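Visitor: sequence? don't have it. structure:
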């Protein structure tokens, strides 16, 4: 099961990337002599557009083969058999094992995918706090 980001979250990254791209275009092509700082806007634009493509492609969370994986550059993996406790706190799920802790931000998840995730987590025989 792949848990996607909210469309609004993805659209914000896309819009910000496009805004910075337009700002770069105005700064470079709208002046006779652009400043060196005008080229920084293309870097910011590419970062937002890259983030949009990455999040659209790899989704927020995957639950496959008994492993919960939060995708990202510093993502974490947990085996579902090692989960001891699930805590709901401030809209997040904090999943704990003996050695590790994984936080899932539910405000970034599509509502339909959140219900699937809830049903998957409720199948586990663990303590809910």
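Guide: Looks like it came in fine. The shown structure was predicted, so the numbers you read here are calculated from the model rather than taken from an experiment.

Visitor: For the rest of this, base every contact and every neighbour count on C-alpha atoms.
Guide: Will do.

Visitor: burial of residue 70, as a residue count?
Guide: Per other CA atoms under 10 Å, the neighbour tally for residue 70 reads 21.

Visitor: This protein: strands as residue ranges?
Guide: Per DSSP state E, the chain carries strands over the ranges 2-3, 61-64, 67-70, 77-79, 85-89, 92-96, 101-105, 127-128.

Visitor: Which other helices and strands does the last one contact?
Guide: I take that to be strand 127-128. strand 85-89 (3 or more CA pairs under 8 Å, 6 or more residues apart in numbering; DSSP states H and E).

Visitor: now the strands of the chain as TSV including mean pLDDT and distance to residue 29?
Guide: Output for the strands of the chain, formatted as TSV (pLDDT from 0 to 100; distance: least, CA to CA, whole Å):
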stretch	mean pLDDT	distance to residue 29
strand 2-3	94	41
strand 61-64	93	41
strand 67-70	93	41
strand 77-79	93	46
strand 85-89	93	49
strand 92-96	94	45
strand 101-105	93	41
strand 127-128	88	57
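
Visitor: closest to residue 10 out of these?
Guide: strand 2-3 (13.5 Å; CA to CA).

Visitor: Packing partners of that closest one?
Guide: Going by 3+ CA pairs under 8 Å, 6+ apart, strand 2-3 lies up against strand 61-64, helix 111-122.

Visitor: and if we set it to 7 Å?
Guide: The helices and strands touching strand 2-3, judged by 3 or more CA pairs under 7 Å, 6 or more residues apart in numbering; DSSP states H and E, are strand 61-64.

Visitor: Any chance you could list what contacts stretch 20-33?
Guide: 34, 38-39, 41-42, 44-45 (CA atoms under 7 Å, 6 or more residues apart in numbering).

Visitor: Figure out which of the strands of the chain is closest to residue 118.
Guide: Among the strands of the chain, strand 92-96 sits nearest to residue 118 (CA to CA), with 9.9 Å.

Visitor: Okay, buried residues for the closest one please.
Guide: Within strand 92-96, the residues that count as buried by 16 or more other CA atoms under 10 Å are 93-96.

Visitor: What of stretch 113-129?
Guide: Going by neighbour count (16+ other CA under 10 Å), the buried part of stretch 113-129 is 113-114, 117.
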